[in-house]
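*Asks:* below are the sequence and a predicted model for it; my questions follow.
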Amino acid sequence: MGEAGAPWRTHTVANQPPPLEGVDVFASNLPLVEATEREGAGWVRERASQLGLFVGGAPQQQWGREANENKPVLRTFDRYGNRIDEVEFHPAWHKLMRMGVEHELHSLPWTSEEPYAHTARAALYMTAMQAEAGFACPITMTFAVVPALRATPELAAEWEPLVTANTYDPRLIPVAEKGSAITGMAMTEKQGGSDVRANTTVARALNGGGGGAEYELTGHKWFCSAPMSDMFLVLAQADEGLSCFLLPRILPDGARNAFHIQRLKDKLGNRSNASSEIELHGAWARMLGEPGRGVPTIIEMVGHTRLDCVIGSAAGMRVGVVAALHHTAHREAFGKTLIDQPLMRNVLADLCLESEATTALAMRLARAYDEADADAQAGEDQTDAQLFKRLATAVGKYWTCKRAPNHAYEAMECLGGNGYVEESGMPRLYREAPLASIWEGSGNVMSLDVLRALTRSPRSLEVFLAEVEQAAGADAHLDARVSALKDQFSDPSTLETRARRVVESMALCLQGSLLVRNAPPAVADAFCASRLGGDGGLEYGTLPAGSYFEGIIARSRPIPA
């Protein structure tokens, strides 16, 4: 019977988890905190914790949801018929972008004088992405454009202060007026996709041509990321071959460039962010780098976006782990809290293992970028750090991004039917999970990139194995798998066919080594037994029965501040 004054009430809501609020999403992520210290960026802890507490509030509770529920809208013309090609966003999107820029997620390694600034940024970026992944796309491209800009010093002098500024202004006005810029990218075309050398967009020199010179671009791009940006790197065919160009949305005289947005992509996930198809009708641009060297120039940008794919996968896994742990800690079934049931403990611990291993790999990779940059600034080339960075980026992107979708699904299943509804946030996480594996190099592209790196610099395998073998003798499963990995290179004639298996082994050995050296025995032992020793199944929740589930889970429990 309903209560007095509420005859419509049939029941009291019970056995549902309370809202997870007031969490510092950095400080409560113990594997990330430890990795930040371990990889040299302990100085950022207080700053990351301040960001973590902020992200755990409105950004995670409200802004991410609102930005996805109110997708960007293309406004091709104004009310008078003038072509404007503007993308309209919900205010929540701009709040997320402002958060990212003001916390220097796009600029810290290029502006900070503190040590291991890439590592520090990785900690901040992984924390902020737990609010929403979509806004991280333009943040990443703005961060990643700087190394490519430096291929032409005069363009770097003009644009680097703008793309590293810590103010956000979404208006389409000359960048000189607002003092900041967001960056996008436009590489692929309908007929080529990842094979950008098949591009047909044409670049016509206006004043003699060459690096820094002016060109007109005519053609199309099938995928243009973040078309609302102030500036783009674009690939087009010059007389000398495929070249890279810097294309501004607003021309120096304040007019709009001949950059026309045909439509926005209707995507599986990443809905808060705009991706588009564009046409260039004699758009004004300047060559970045040398003529005919478009791929080597833009690859400097691509490498840094691939780093962020690894960091982003770690962020997504952390979101899934937190949701699963929080729900199961407050939900009772069959007489026990879910988190206390043996089989659920196995699933949760397995999810925690994957999340921690991905976090460890992402942070070690970020340190490699710091060390490689330091070597480059010292005038050194092909150092161990640079070789490790090149190879481990491709290995890490392949594996961590491949693991993300099933991890998101399994975390969703921990919530049962509650996880399948939009309000839980889990469907958004699940839809987002495949993106990082597709963007900036799909699985096959990354596997072949590993082989390409090994061919160009054979010593890079030696450097990679030296990193892994720092844990030699500490775990029999790891030692055996490393030995088997070396054998996988013995038959070059089938190496390309086996590339995915080889890269998977490289990633698992690297993760196992990092955990054996740095994680508690409960984590390292369970990871090596299940991932390297064969004592685990194809799905999550198949760890050996003797694993210390409680200890593994405890490291990842979300704790309100």
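*Replies:* Now that the structure is in, tell me what you want to look at.

*Asks:* show me what contacts the spatially most central residue of the chain?
*Replies:* Centroid-nearest residue in the chain, with C-alpha atoms, centre = their mean: Cys309, separated by 2.7 Å. By C-beta atoms under 8 Å, 6 or more residues apart in numbering, the residues touching Cys309 are Lys397, Thr400, Cys401, Ala436, Ser437, Trp439, Glu440. Heads up, the C-betas are built off the backbone N, CA and C, glycines and all.

*Asks:* model confidence for it, exactly?
*Replies:* Here, the pLDDT recorded for Cys309 equals 98.

*Asks:* which helix or strand contains it?
*Replies:* According to DSSP states H and E, Cys309 maps onto helix 294-330.

*Asks:* can you check Thr76 too?
*Replies:* Taking DSSP H and E as the definition, one finds Thr76 inside strand 73-77.

*Asks:* what angle sits between the helix or strand that comes right after that strand and strand 73-77?
*Replies:* Downstream of strand 73-77, the first helix or strand assigned by DSSP H and E is strand 83-88. Orientation note: strand 83-88 sits at an angle of 160 degrees relative to strand 73-77 (axes from the mean of the first three to the mean of the last three C-alpha atoms, to 10 degrees).

*Asks:* how about strand 83-88: buried residues?
*Replies:* Using 16 or more other C-beta atoms under 10 Å as the test for burial, strand 83-88 gives Asp85, Glu86, Val87.

*Asks:* kindly report the same for stretch 338-346.
*Replies:* Result for stretch 338-346 [16+ other C-beta under 10 Å]: buried residues Leu338, Ile339, Gln341, Met344, Arg345, Asn346.

*Asks:* restricted to helices, list the residues you listed.
*Replies:* Counting by DSSP state H, the part of the buried residues of stretch 338-346 found in helices is Met344, Arg345, Asn346.

*Asks:* show me where the stretch 351-500 of the chain has helices.
*Replies:* For the stretch 351-500 of the chain, the helices defined by DSSP state H, counting those that start in this stretch cover 384-414, 417-420, 426-432, 435-438, 443-456, 459-468, 476-487, 499-518.

*Asks:* quick check, Ala349 in contact with Ile553.
*Replies:* Yes - assessed by C-beta atoms under 8 Å, Ala349 is found in contact with Ile553 at 5.5 Å.

*Asks:* compare those two (neighbour count), which wins?
*Replies:* When neighbours are counted by other C-beta atoms under 10 Å, Ala349 and Ile553 differ, and Ala349 comes out ahead with 27 against 22.

*Asks:* so for Phe54, which of the helices of the stretch 351-500 of the chain sits nearest?
*Replies:* Closest approach to Phe54 among those is made by helix 426-432 (20.2 Å; C-beta to C-beta).

*Asks:* who's in contact with that closest one?
*Replies:* Residues external to helix 426-432 that are found in contact with it (C-beta under 8 Å, 6+ apart): 64-65, 68, 133-134, 268-271, 316, 319-320, 323, 405, 408-409, 411-412, 415, 419-422.

*Asks:* give me the buried subset of those residues.
*Replies:* For the contacts of helix 426-432, buried by 16+ other C-beta under 10 Å: 64-65, 68, 133-134, 269-271, 316, 319-320, 323, 405, 408-409, 411-412, 415, 419.

*Asks:* hmm, Met228 is touching Asn273, no?
*Replies:* No - with contact defined as C-beta under 8 Å, Met228 does not count as touching Asn273 (9.5 Å).

*Asks:* now for those two: what residues contact both?
*Replies:* Taking C-beta under 8 Å, 6+ apart as the criterion, Met228 and Asn273 both touch Pro72, Pro138.

*Asks:* Arg83 against His260, yeah?
*Replies:* Yes - judged on C-beta under 8 Å, Arg83 makes contact with His260 at a distance of 7.1 Å.

*Asks:* okay, now Gly425: neighbour count?
*Replies:* Around Gly425 there are 21 residues (other C-beta under 10 Å).

*Asks:* do you know how far it is from Arg431?
*Replies:* 11 Å (C-beta to C-beta, to the nearest Å).

*Asks:* how about Arg331: what's its closest non-neighbour residue?
*Replies:* Nearest non-adjacent residue to Arg331, counting by C-beta to C-beta, 6 or more residues apart in numbering: Leu338, 4.9 Å away.
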